[in-house]
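Participant: Okay, predicted coordinates and the sequence, questions at the end:
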Amino acid sequence: MKPVFVSNLKPFLDAVAEQMELYIPKKTEQHYTYNKYDPDSETPAELNNIRTCTMVKEFLFPVCEFAAVFPEPAEPEEIGPFAVFGLKECDLRSIEILDKVFTEEEFQDPLYMKRRENMFIIASDCFDPGKSCFCNFFNGKAFAQSGFDLSVSKIRDGFIVEAGSDKGEDFIEKHPQLFSKVPEALLSERDKNRDKTQKQLEENNAKYKLDLPIKEIVEDSWESDVFDVEAKACVECQACTRICPTCHCFYLYDTRQKDYFAKMKMWDGCMRQAYAAVAGGANPRKILGDRIKHRLMHKLVYFLDRYGLDMCVGCGRCIDTCAGEIDMRSILKKLNEELKDKGKTKAKVIK
Amino acid sequence: MSENPYQPINGKIVDIIDESPTTKSFVVVPEEKIKFETGQFVELTLPGEGEAPFTPSSSPADSEKMEITIMKAGHVTALLHQCKKGQKVGIRGPFGNGYPIDDFAGREVYIVGGGVGLAPIRSLFLTLVDRIKDFKSVVCRFGAKTPDDFIYKSDLFGPWQKIRGVNMKLTVDKANGKWRDNVGVVTTILTPQDVDVRNSVAVVCGPPIMMKFATLKLLEFGFKPADIYLSMEKNMSCGIGKCGHCMIGKYYVCKDGPVFTYEQIKNYPDIWA
């Protein structure tokens, strides 16, 4: 299906909101967060130039939820269709990562599955990558490549809308009054915008440019003391794992309610000291530097080995949030330099 | 298994056996039959308090009930130790991979166990003994801190030693008056003559430090890393390879283990911690 044109966001969003609950980004000070769309609101909806501050995982994997109720199982929570507007390429890649974990055939997470099946994804182009954005490290782009129902690109006089799924095509077909044909000139304007953003991303990250594949940098740095040095700046607040769109660790805990018991599923993170400790007291990562190392190993080595994907999308939220100003790019750069000093060159790693 | 992997099957503790000053066995009857393979584990819930992972110590052949041997070590286990017969519990599982006992056929099975690590080994031992003729022999080397700390004393100190095809030696770190057997950690009773290394598999289960040194000794004897089976203890929570707590490198102990060959995990530097 060819891309279509819409001059104004409001009728488009109204049409989505007629069918399902719709969440749109709203700017609060310098950050965007998601709010429920109100068609009667006086402030016009805007398209976020950059990813939101909050992560899309909150729509699929809430901070805390009922995993099971017993002895009598409870009726599963009703989840209706909902749409999220303005998601960026990095957000879509994070969904792809979470899908690997929670929807794999052997053990599907019924709580995640239900929300995922009901989610309508409206992506959008990035216009203004942040200083911490480094999706280009992971072949990220300034526009949605796959994994969306509709994708919206802002151009000077309106918006280009493209379908990325049957559900998306269906929506466009059912609303012929909203959309018109896109002239070629507007498509090339869109492509120019995209190239510009991409170039800016590359420029922003030029000083972090790596000589070796990321996986090899991390995998070969087991003995490096960079992690312990970085740990000196870490205050163990765990914000990096909380705000990460791909971190998906959780713990199950039991509660006693008035007339039933419940197992709760709640976010957890590997930066917490007792995270991997066992009852006997053994703890493979008592030392903070080892936990920072594990976090990177999991994201950039283990997950790739297991699922064929990096578990980092380069959104930079962990960089923005870190009280100790720890920056994953500079860790990678330091490890890269260390390996280079040891004589590991590109020529050697190509097998 | 229930469609919701987090939903426990209701069950009841019908008997409690004192094994040692720190360890009790709980006989649990689930409302639905739970079929498991020896070496797989379950998550046992004490309603309202918490759950913890345990490998059943009974034979999978007994599908009516499940025995779970538990050492008092943390919050949930301490509370379980206070429970009485009739206590309602929840069970999730079974999870993970058990021992591939069909692959052990025709070979000697060399079992090295220590402390409460004998719990999964008991299930394996009973399973092997059920079809003892399939194996060249079952050679057991078990240790405990003191004679009192041995679990399954009534089996270990008599009947199991007399089973044809079983060769068993016991040791304690510290003897008391009545002990006439070996004294020393379990690695002190391992010798290269115990089994024919070329046609054996080794199974190791016990405290991390014991597993480390037993594995090193087995390698010294010439065991291939792929013939050493380790039952790994990590902080398994969800049981389905998602929550992240039990990772060893790319593996989730709950899903890819808890039984691993040393070959699978030997390159990860932190496996014994």
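Facilitator: Yep, that arrived. Residues are numbered from 1 along each chain as shown, chains lettered A, B, ... in the order given.

Participant: okay, CA-based contacts and neighbour counts for the rest of this
Facilitator: Noted.

Participant: where does the residue nearest the centre of chain B fall, phi/psi-wise?
Facilitator: Of all residues in chain B, the one closest to the mean position by Cα atoms, centre = their mean is residue B:120, 2.0 Å from it. Main-chain torsions, residue B:120, degrees, to the nearest 10: phi -60, psi -30.

Participant: what sits against it?
Facilitator: By Cα atoms under 8 Å, 6 or more residues apart in numbering or on different chains, residue B:120 lies in contact with B:38-39, B:55-57, B:205.

Participant: And it, what's its pLDDT?
Facilitator: pLDDT recorded at residue B:120 is 97.

Participant: Return the set of buried residues in stretch B:146-162.
Facilitator: Buried residues in stretch B:146-162, defined by neighbour count with 16 or more other Cα atoms under 10 Å in any protein chain shown: B:146-152, B:156, B:160.

Participant: any idea how far that stretch is from the chain center?
Facilitator: Here stretch B:146-162 is found 16 Å from its chain centre; the criterion is Cα atoms, centre = their mean, to the nearest Å.

Participant: Now do it: everything it contacts.
Facilitator: B:19-23, B:115-116, B:118, B:143-144, B:166-168, B:172-176, B:179.

Participant: measure it end to end?
Facilitator: 22 Å (Cα to Cα, to the nearest Å).

Participant: Over to stretch A:250-264?
Facilitator: 10 Å.

Participant: next helix or strand past the longest helix belonging to chain A?
Facilitator: Scanning chain A for the longest helix, with DSSP state H as the assignment, gives helix A:184-204. Going down the chain from helix A:184-204, the next helix or strand is helix A:214-219, by DSSP states H and E.

Participant: can you list the weak-confidence ranges in chain A?
Facilitator: For chain A, the stretches with pLDDT under 70 are A:345-351.

Participant: swap the cut-off to 50 and go again
Facilitator: By pLDDT under 50, the low-scoring segments of chain A are A:347-351.

Participant: tell me which parts of it are close to chain B?
Facilitator: A:67-71, A:73, A:101-102, A:107, A:109-110, A:248-257, A:261-263, A:270, A:275-280, A:282-284, A:298, A:301-303, A:305-306 (Cα under 8 Å from any Cα of the partner chain).

Participant: Now pLDDT and secondary structure too, for the buried residues of stretch B:146-162, in CSV please.
Facilitator: Conversion of the buried residues of stretch B:146-162 to CSV gives the following (pLDDT from 0 to 100; DSSP: H, G, I helix; E, B strand; the rest coil):
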residue, pLDDT, secondary structure
B:146, 95, coil
B:147, 95, helix
B:148, 95, helix
B:149, 96, helix
B:150, 96, coil
B:151, 97, coil
B:152, 97, coil
B:156, 94, helix
B:160, 96, helix
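
Participant: all strands for the stretch 51-200 of chain A, in order.
Facilitator: Under the criterion DSSP state E, counting those that start in this stretch, the stretch 51-200 of chain A carries strands at the ranges A:64-70, A:82-87, A:119-124, A:150-155, A:158-163, A:180-181.

Participant: Need the ones you listed in TSV (columns: mean neighbour count).
Facilitator: What follows is these, written out as TSV (neighbours: other Cα atoms under 10 Å in any protein chain shown):
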stretch	mean neighbour count
strand A:64-70	18
strand A:82-87	24
strand A:119-124	25
strand A:150-155	24
strand A:158-163	22
strand A:180-181	12
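
Participant: between the ones you listed, which gets nearest to residue B:269?
Facilitator: strand A:64-70 (33.5 Å; Cα to Cα).
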